[in-house]
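Chemist: Give me the fold of what follows.
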Amino acid sequence: MLEQHKLTQTLPSNIMEVHNYDVFYLPEHEMVSRVRKGVIEEMKKEEEKKEDKEEEKVDTSPSSSPSSTSPSIVSPAASERLYDVVTCTEAAEHFYHPLQEFLTIDRITAPSAYVALMTEFAEPHNFFARHHSYLKAAAEQNVKLADLKFSEAEIGSGFTKWSYIRDPTHVCLFRRKTMEWLGEKMGWKMVFCDDERVVIFQKQGKGTAER
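Modeler: Numbering: from 1, shown residues only. Here you go, the predicted structure:
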C-alpha cells in the first residue's frame with residue numbers, strides 16, 4: 001500500500017484529470033474534492049443532455065437492428081475524451097471480452113497515461129494467502145509466502161479452494177505473465193507490480209488502439 005501511494009504521488013498533478021475516483025490508488029489526494037465536485041457536475045450535465053435528446057428525438061424509422069458488438073465498459077459520450085489516469089479495481093475478472101475492454105481503455109487514454117489494474121492473480125501463493133499453516137511456515141522460514149515451494153498436488157488442491165473462483169461472476173483470471181503479455185500487446189510499460197493483485201502501466205506513445 002505504501003509503495004503504491006508513493007508511486008501515485010509522483011504523477012505530475014498538472015496533467016492529471018481524474019474521474020471515477022478510487023481511494024485505493026489515490027488516498028487523501030489533493031484532487032479528491034475537485035473530483036467529487038466534478039463528478040457531480042458531470043452527472044448533472046449528462047442528465048441534462050439526456051433529457052434534451054429525449055425531447056428532440058423523433059424516430060421515423062420503422063425499427064433499428066440491435067448492435068452485434070458486446071457492450072463496452074465505457075459509454076460513447078465518455079469515449080470521446082482522453083484521460084490521464086484510468087483505474088480498474090476488482091473489475092477485470094468480470095470481463096467476458098477482456099481484450100476488447102483493454103483496447104477501449106487504450107483508446108480513451110492520452111499518450112503517457114497511467115493504467116492501474118487490481119485483480120487477484122491466479123498464483124499459488126494467493127491460493128494459500130488465508131491458510132494459517134502456510135502463513136506460519138513462511139513466518140518460521142522468514143520468507144514471503146510467494147517464496148515457499150509448493151508441490152503440484154498442493155497447487156491443484158489450493159486452486160480448487162481459492163475464494164476467487166467461488167464467485168460465479170469471476171470469468172477471467174490473470175497472472176503476472178498475463179499482465180506482461182498485456183503490456184507488450186498494448187504498448188504499455190509496466191512500472192509497478194506487487195505480484196499479488198496490483199499492476200500499474202504507463203502508455204508508450206499512442207498505444208495499440210491508435211496504431
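
Chemist: switch to C-alpha atoms for all contacts and neighbour counts from now on
Modeler: Will do.

Chemist: all strands for the protein, in order.
Modeler: Along the chain, the segments classed as strands by DSSP state E run 83-89, 109-118, 188-193, 198-203.

Chemist: closest one to residue 172 among these?
Modeler: Residue 172 lies closest to strand 109-118 among the strands of the chain, at 13.0 Å (CA to CA).

Chemist: Which strands or helices does that closest one pack on?
Modeler: Counting contacts by 3 or more CA pairs under 8 Å, 6 or more residues apart in numbering; DSSP states H and E, strand 109-118 packs against strand 83-89, strand 198-203.

Chemist: quick one: average confidence on that strand?
Modeler: Per-residue pLDDT over strand 109-118 has a mean of 95.

Chemist: hmm, who's touching it?
Modeler: Residues outside strand 109-118 that contact it (CA atoms under 8 Å, 6 or more residues apart in numbering) are 81-92, 197-207.

Chemist: That strand pairs with which strands?
Modeler: strand 83-89 (parallel), strand 198-203 (antiparallel) (DSSP bridges).

Chemist: Tell me which of those strands sits most buried.
Modeler: Of all the strands paired with strand 109-118, strand 198-203 has the most neighbours on average by mean count of other CA atoms under 10 Å, namely a mean of 22.

Chemist: what sits up against that strand?
Modeler: Counting by CA under 8 Å, 6+ apart, 111-120, 179, 183, 187-193 sit against strand 198-203.

Chemist: all helices for the protein, in order.
Modeler: Ranges of helices in the chain, per DSSP state H, are 2-9, 32-56, 98-108, 124-127, 132-141, 152-161, 176-186.

Chemist: Now those in CSV, please, with extra columns for mean neighbour count.
Modeler: Shown next, in CSV, are the helices of the chain (neighbours: other CA atoms under 10 Å):
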stretch, mean neighbour count
helix 2-9, 13
helix 32-56, 12
helix 98-108, 18
helix 124-127, 22
helix 132-141, 13
helix 152-161, 14
helix 176-186, 15
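
Chemist: Which of these sits closest to residue 170?
Modeler: Shortest distance between residue 170 and those, using CA to CA, is found for helix 98-108: 12.1 Å.

Chemist: remind me which residues of this structure are low pLDDT?
Modeler: For the chain, the stretches with pLDDT under 70 are 1-43, 57-80, 206-211.

Chemist: Report the residue ranges of every domain in it.
Modeler: Segmentation of the chain into domains, based on automatic domain parsing, reads 1-42+74-120+172-211, 123-161.

Chemist: First-to-last residue distance for the last one?
Modeler: I take that to be domain 123-161. 13 Å (CA to CA, to the nearest Å).

Chemist: Pull the contacting residues for the residue nearest to residue 161 when sequence neighbours are not counted.
Modeler: Of all residues not flanking residue 161 in the chain, residue 127 sits nearest, at 7.4 Å (CA to CA, 6 or more residues apart in numbering). By CA under 8 Å, 6+ apart, the contact list for residue 127 reads 155, 158, 159, 161, 162, 163.
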